[in-house]
Every structure is written in structure tokens, then in C-alpha cells.
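Novice: here's a sequence, model it:
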Amino acid sequence: MFFENYSNNNLLARMGITGDKPYDNILKVLIPLAICWLPLAVITLINGTFWTGDSRTSFISNLDTQTRVLISVPIMILAESIIMPKLGNILAQLVKSGIVRAVDRDRFNHIVKQKARFLNSPWTDLTILAVSFAHVLLAGFVESPDDALLSWQFVNAGMGTHLSLAGWWSLLLTRPVVLFLFYRWFIRIFVWAILLREISKLKLNIYPVHPDLSGGLGFLGYSIRYFTPVAFAISASVAGRMIESILIGGSHLDELRVYAFLFLLLITLLFTMPLMSFTSALMRARDRAIYENNVFANGLFRELQVKMSKDFDKVDAEDLKAPDYSASTDLSSVIGNALRMRFMPFDLKDLIPLWLATAAPFVFVAAAEVPVADLFKKLLNLIV
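Specialist: Next comes the predicted model:
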């Protein structure tokens, strides 16, 4: 399977988790939660910071942590067995549909195996893990203990404020693991982009008259939909942080609106940029087809014009049954596909699921400042 993480699967196999059955998937989620979340819950219960009576200093009300660990982490883990086989199907379709020429299949297979080898290497995961630890440690040194968003991780001592046991666990285990999962998905998307870029440089069979208006590459747009769980996981993490900044940091929805829009734009670019590698090939195919189709169409319509050159008195009912008119109509429709051909192998219907998944968590950001009843009234006013 392309993008299959063998190092991770081998580790799971040693634990007896070898499939994608419901039981196996539950274990895949519970093991990271047992490492990242459960110890924090136990430690904060013991030291009294699980719930202090103040949402600003309690572990359980720290939405930034809860959304990342309890929502984003399970989704990113479970998404692997959902998304990766579908991306493999897209790659297989490039060959089955004849887009990749027979003479280029060895080169195509080499490109795919090279990228899969990189992702499946344990050194790749170790590097991502090292970067995650470095990121967290560097951020930990510059974080202020006075930051209310992190107050449950600190204790006051006689000589000042320092990390509690929960704080150290979060710094050395929870946050690196969460960041590792985020980074690993970013690496996969980056490699997916490079892979498509190299495939687009092959001399592909692109058919401008294809009804998908993408030269036969329209199925590539499904990859955007496939990535919606990852987009939701990223968005949930960002939304959790924004809710914290509203409830605790004193931020307002108007201040965050621009950031939310920019985030939506970045997510859109993140998952559509890989497909834009085919833009040049689609443009060349369209330009070539316009001239080729024009030559053929001119010849056909020339013959049609000859048959239509009758005097008024010589036209009869039999002329209506002539197949030439139907053929010319069909040809016009086919040529119209080339004229309407898009320069990117996706359209609005591919983007809508991505936008909905990205925007969904931000409903709770709005609800954090605007009472639900007022928010409902505003939505009704927009509709009515």
C-alpha cells in the first residue's frame, strides 16, 4: 500500500495489532491516549488541578489541550487507514485509465516506489520525532509561566514558578507526540505533492474532449475530499486555541475573523497545490486540441454545408431524418468539452467538503463569544 508506514505497523504488530478491524482501530487510539492524556488526568487529579473551580487554571477546561489530544489525535490516527488506500487507488487509476503511457510505466513505478520508500523508512519517522521534540523544547523555554493558558502545568515554589509533574509530562511526551502526528501528515502531503509533480512531467495521455473537463484527470480531485479528516483535525486544534484566547485571553471574535479566513485559505492551498502541478500539461493539451479539433470540425461542417445547400422547394421531410445533423450536434458537444476544459483537475464540488470540514470547528469559536441563542437569531436573519 502506498504511504503505508511500515515502521509504525511493525511496532503495532508486535503489540498484536495487525489489522483495521474495529477492535484494532480502538487500540490504535487508546494506546496514544493512555500515553498522552490519561497520565495528565491522573496527575492533575492528585495535585488538584484537574478542576480547580476556575476554567483558566484547570486541566479539564484547557480546550487547547483537550481538542488536540482527544479530537485531533484520534482522527489523525484513524485517517491513515482511510486516506492512504484511496490515494493508492488514485495512483493505480493513472495507469488503468491509460493516462500514463505503457512506455512510461517503469518510470512511473520508480517514482512511486522512491517516494514510498522515503515515507516507509523508520529514519523518516525518527527525524520527524526529533524535530517535534526540538520544537516543543524550544517553545517550552520561551513560554511564560504567567500565561493563563498553561497555568495548570506550573507550580509556585518559594524561589519562583516551575513546571509541575504534569507540566513535564506534557512537555516531554504529550506535546511531542501530538506534534509528531501533525508533522507526519504535513510530510505526507508534501511528498504527495512532489510525487504528483514528477508524474506531471511525464508525457501523459490527456484527452481534452473528456466529459470531466479535466482531460480525464478529474478523478485527481477526489484526493481533496479524501484529506477532509486531516483538515478537520488541524482545524479543531486551531479552533481550540482560538476558544481559549476568547474565554481566557480576552480576545474578541472580530479580532480572530481575519486569522480564521487566512487559515481557511491556507488549508485550501495545502490540499489543492499538489494538483496544480498538472496545470501546464492541461493548458498545453487544451491549446493543441483547439487547433486539431478546429481542423476536423471545419472539414465536417464543410461537408454538412454541401448537403444543406438545397433550394427551398427541394427540402423535404426526409432531410430531417439525416444522421448528419445528429453527428454535427454530437461533435459540437465534444468540441465544447475542450473549449470549457479547466486548467486544474478539480472543481467546486471537490472543495466544498474540505471547506465544510475546515469551517465546522469554528462554529464553536463563534459560540464561545456569542450566546447560542443570539447566534441562532443571526443565522436566521441571514437566511430570511
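Novice: the spatially most central residue of the chain and Trp185: what is the separation?
Specialist: The residue lying closest to the centre of the chain (C-alpha atoms, centre = their mean) is Phe227, at 3.3 Å. In this view, Phe227 and Trp185 are 9 Å apart by C-beta to C-beta, to the nearest Å. Every C-beta, even on glycine, is put in place using the N, C-alpha and C of the backbone.
Novice: same thing with Asn120?
Specialist: Distance from Asn120 to Trp185, by C-beta to C-beta: 15 Å.
Novice: count of neighbours near Ile199?
Specialist: Counted with other C-beta atoms under 10 Å, residues neighbouring Ile199 total 22.
Novice: my bad, Ala289
Specialist: Neighbours of Ala289 (other C-beta under 10 Å): 20.
Novice: Phe343 versus that one, what's the distance?
Specialist: Distance from Ala289 to Phe343, by C-beta to C-beta: 13 Å.
Novice: and Ala236, how many neighbours?
Specialist: Ala236: 23 surrounding residues under other C-beta under 10 Å.
Novice: for the strand or helix carrying it, packing partners?
Specialist: Assigned by DSSP states H and E, Ala236 falls within helix 228-247. Contact partners of helix 228-247 among helices and strands, from 3 or more C-beta pairs under 8 Å, 6 or more residues apart in numbering; DSSP states H and E: helix 63-66, helix 73-96, helix 175-200, helix 253-272, helix 348-359, helix 362-369.
Novice: check those helices for me: which has the lowest mean pLDDT.
Specialist: Among those, helix 362-369 carries the lowest mean pLDDT, a mean of 84.
Novice: verify the stated contact: Pro345 with Ser277.
Specialist: No - Pro345 lies out of contact with Ser277 (C-beta atoms under 8 Å); the separation is 9.6 Å.
Novice: you'd agree Leu202 is in a strand?
Specialist: No - assignment of Leu202 by DSSP: H, G, I helix; E, B strand; the rest coil gives coil, placing it outside any strand.
Novice: now it: closest residue in space that isn't a chain neighbour?
Specialist: With sequence-adjacent residues excluded and distances taken as C-beta to C-beta, 6 or more residues apart in numbering, Leu202 is closest to Asp104, at 4.9 Å.
Novice: could you measure from the one you found over to Lys203?
Specialist: 7 Å.
Novice: try Trp51
Specialist: Here the criterion is C-beta to C-beta. By it, Trp51 lies 64 Å from Lys203.
Novice: more neighbours, these two?
Specialist: Trp51 (15 against 10).
Novice: thinking the more buried one is in contact with Asn62, fair?
Specialist: No - counting by C-beta under 8 Å, Asn62 is not a contact partner of Trp51; they are 10.7 Å apart.
Novice: could you pull up the mean pLDDT of whichever strand or helix holds Arg288?
Specialist: Using DSSP H and E, Arg288 maps to helix 279-308. Averaging pLDDT along helix 279-308 yields 74.
Novice: can you redo the helices and strands packed on helix 228-247 as a markdown table with distance to Leu137?
Specialist: A markdown table is the format used below for the helices and strands packed on helix 228-247 (distance: least, C-beta to C-beta, whole Å):
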| stretch | distance to Leu137 |
| --- | --- |
| helix 63-66 | 18 |
| helix 73-96 | 20 |
| helix 175-200 | 9 |
| helix 253-272 | 26 |
| helix 348-359 | 30 |
| helix 362-369 | 29 |
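Novice: between those, which one is nearest to Asp212?
Specialist: Taking C-beta to C-beta, helix 348-359 is the member of the helices and strands packed on helix 228-247 nearest to Asp212, at 11.3 Å.
Novice: relative to helix 253-272, how tilted is the closest one?
Specialist: If you take axes from the mean of the first three to the mean of the last three C-alpha atoms, to 10 degrees, helix 348-359 sits at 130 degrees to helix 253-272.
Novice: so which elements touch helix 348-359?
Specialist: Against helix 348-359 (3+ C-beta pairs under 8 Å, 6+ apart) you get helix 222-226, helix 228-247, helix 253-272.
Novice: put the alpha carbons of the first one into PDB.
Specialist: Once non-C-alpha atoms are left out, helix 222-226 reads as follows in PDB (Å, rounded to 0.1, in the frame of the first residue of the first chain):
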ATOM      1  CA  TYR A 222     -11.200  13.300  -5.100                       C
ATOM      2  CA  SER A 223      -7.900  13.500  -3.200                       C
ATOM      3  CA  ILE A 224      -9.000  16.800  -1.800                       C
ATOM      4  CA  ARG A 225     -12.100  15.200  -0.400                       C
ATOM      5  CA  TYR A 226     -10.100  12.300   1.000                       C
END
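Novice: quick one: contacts for Pro259?
Specialist: Heads up, residue 259 is Tyr, not Pro. Applying C-beta atoms under 8 Å, 6 or more residues apart in numbering to Tyr259 gives the contacts Met242.
Novice: may I see the buried residues of stretch 35-51?
Specialist: Cys36, Trp37, Pro39, Leu40, Ile43, Thr44, Thr49, Phe50 (16 or more other C-beta atoms under 10 Å).
Novice: thought the fourth one was touching Leu165?
Specialist: No - counting by C-beta under 8 Å, Leu40 does not reach Leu165; the two are 9.5 Å apart.
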